[in-house]
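# model the structure of this input:
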Amino acid sequence: MRISIITITYNSAKTLRDTLESVAYQDYGDIEHIVVDGGSSDDTLAIVQQYPHIEKCLVGRDKGIYDALNKGINAATGDYIGILHSDDFYADDAVISRVVRHLQRTQTDALYADLDYVYHYDVNVVVRAWRSGNFDRHKFYFGWMPPHPTFFLKKSVYEQLGGYSLELKSAADYELMLRVLFKYDTSVAYLPSVIIKMRTGGMSNRNIQNRIKANLEDRKAWTMNGLEPYFFTSWLKPFSKLRQFVLRYFFYRLLTWRSRYNQKRGKLLIPEHQLQAFPSKVVFIGDAANQSQNTKNNNLVSVSEAQ
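The predicted structure is shown next:
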């Protein structure tokens, strides 16, 4: 079983190594890692080139994170596709092995698992513990959803039901899972295991204003699929997160005047002597193809050259 993992980047140099190394050190062999970059101006692409396990890197302007995810999905060749954002990382080196074993055992088209939110400057501090629980499609009515970063879906289902909607700015992941799991009742398995460590600061939960906008988009996710939620569905969604917060985080913040990011995580876990020339081609798409002519790195090629 081949697993494709898509990572979206844009000026992600500060946290990207954790993400890439967590994939590079997976003990499962058949992984296709695809990076889709929106035209970073920092050291993101230089970091990507240090990790030879990456098979594809698409570089070019996009219409946002969901458009970039769709590009990655279209480029993927795996049986199942998972998402790993550029400031998240896998909880351990056996995550994909556990995912594959569970998919083989359950023979389902989709899978989700558990997730820990960690403090941005100290990833050893758990802020929220998201424990999903067994699947019941009716829980969507009460604000439930699986953790999107833990979601794996068959490539064939994406081809049949479509990818992420570009009509939504912050709830396209919710809409996708609502469409796939609720509307079309796709078979899904729950893996009761923490597989993702996610840094705090998601776009849809930073402040009250964003939460109100997200609630409006959550409702639109239902109506655009011809579905009617309960009047309280979108408001129960943020309240369902309250029990996920870990009390020790607040004690940690009281006792720590200033938390700094652990600099040791910035070091390469892959020994220098094992770093080889980047074997994959970085494919520039759109406007970025013209910019690639100015690069000095022969591994960076325009889309016409790649073809």
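# tell me the pLDDT of residue 53.
Residue 53 is assigned 97 on the pLDDT scale.
# what about it, how many residues nearby?
If you count neighbours by other CB atoms under 10 Å, residue 53 ends up with 16. (Glycine included, C-beta is placed from N, CA and C.)
# go ahead and confirm it touches residue 31.
Yes: the pair residue 53 / residue 31 is scored as a contact, 7.4 Å apart, by CB atoms under 8 Å.
# overlap in contacts of the two?
Common neighbours of residue 53 and residue 31, using CB atoms under 8 Å, 6 or more residues apart in numbering, are residue 23.
# number of nearby residues for residue 4?
The number of residues near residue 4, taken as other CB under 10 Å, comes to 24.
# what about the protein, any weak spots by pLDDT?
Residues of the chain meeting the criterion pLDDT under 70: 201-214, 231-307.
# in it, which spans are strands?
Shown for the chain, the strands assigned by DSSP state E span residues 3-9, 31-37, 54-59, 80-83, 88-90, 110-119, 122-130, 152-154, 188-199, 282-284, 300-302.
# CSV for those strands, including distance to residue 222?
Formatted as CSV, the strands of the chain follow (distance: least, CB to CB, whole Å):
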stretch, distance to residue 222
strand 3-9, 25
strand 31-37, 28
strand 54-59, 32
strand 80-83, 22
strand 88-90, 27
strand 110-119, 19
strand 122-130, 22
strand 152-154, 20
strand 188-199, 19
strand 282-284, 37
strand 300-302, 42
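# wait, which of those strands is closest to residue 160?
Among the strands of the chain, strand 152-154 comes nearest to residue 160, with 8.9 Å by CB to CB.
# list the neighbouring strands of the closest one plus their orientation.
In the sheet, strand 152-154 lines up against strand 80-83 (antiparallel), strand 110-119 (antiparallel) (DSSP bridges).
# how close does residue 160 sit to residue 154?
Going from residue 160 to residue 154 by CB to CB, to the nearest Å gives 9 Å.
# swap in residue 96?
Computed with CB to CB, the distance linking residue 96 and residue 154 is 15 Å.
# before we move on, what about residue 229?
Distance from residue 229 to residue 154, by CB to CB: 26 Å.
# could you do residue 83 as well?
Remark: distance between residue 83 and residue 154 (CB to CB) = 14 Å.
# tell me, what's touching the two both at once?
Residues within reach of residue 83 and of residue 154 at once, by CB under 8 Å, 6+ apart: there are none.
# can you pull the contacts of residue 187?
Taking CB under 8 Å, 6+ apart as the definition of contact, the neighbours of residue 187 are 106-110.
# okay if I get those residues as CSV plus neighbour count?
Below are the contacts of residue 187 laid out as CSV (neighbours: other CB atoms under 10 Å):
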residue, neighbour count
106, 15
107, 8
108, 17
109, 20
110, 21
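# and the furthest pair within the residues you listed?
Set against one another by CB to CB, these have their most distant pair in 107 and 110, with a gap of 11.4 Å.
# send over stretch 130-150 as CSV, restricted to the C-alpha atoms.
These are the backbone C-alpha positions of stretch 130-150, laid out as CSV (Å, rounded to 0.1, in the frame of the first residue of the first chain):
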residue,chain,number,x,y,z
TRP,A,130,-8.0,16.0,20.7
ARG,A,131,-9.4,12.5,21.2
SER,A,132,-11.8,11.9,18.4
GLY,A,133,-13.8,8.8,19.4
ASN,A,134,-15.6,6.2,17.3
PHE,A,135,-17.3,7.4,14.2
ASP,A,136,-21.0,8.2,14.2
ARG,A,137,-22.1,10.4,11.3
HIS,A,138,-24.9,11.9,13.4
LYS,A,139,-22.3,13.5,15.6
PHE,A,140,-21.7,16.1,12.9
TYR,A,141,-25.0,17.6,13.9
PHE,A,142,-23.6,18.3,17.3
GLY,A,143,-20.4,20.1,16.2
TRP,A,144,-18.2,17.0,15.9
MET,A,145,-15.6,16.5,13.2
PRO,A,146,-12.5,14.4,12.9
PRO,A,147,-9.1,16.1,13.2
HIS,A,148,-8.3,17.1,9.7
PRO,A,149,-4.5,16.6,10.0
THR,A,150,-5.1,13.0,10.9
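# give me the neighbour count for the spatially closest residue to residue 171 that is not a sequence neighbour.
Of all residues not flanking residue 171 in the chain, residue 217 sits nearest, at 3.7 Å (CB to CB, 6 or more residues apart in numbering). Using other CB under 10 Å, residue 217 has 20 neighbouring residues.
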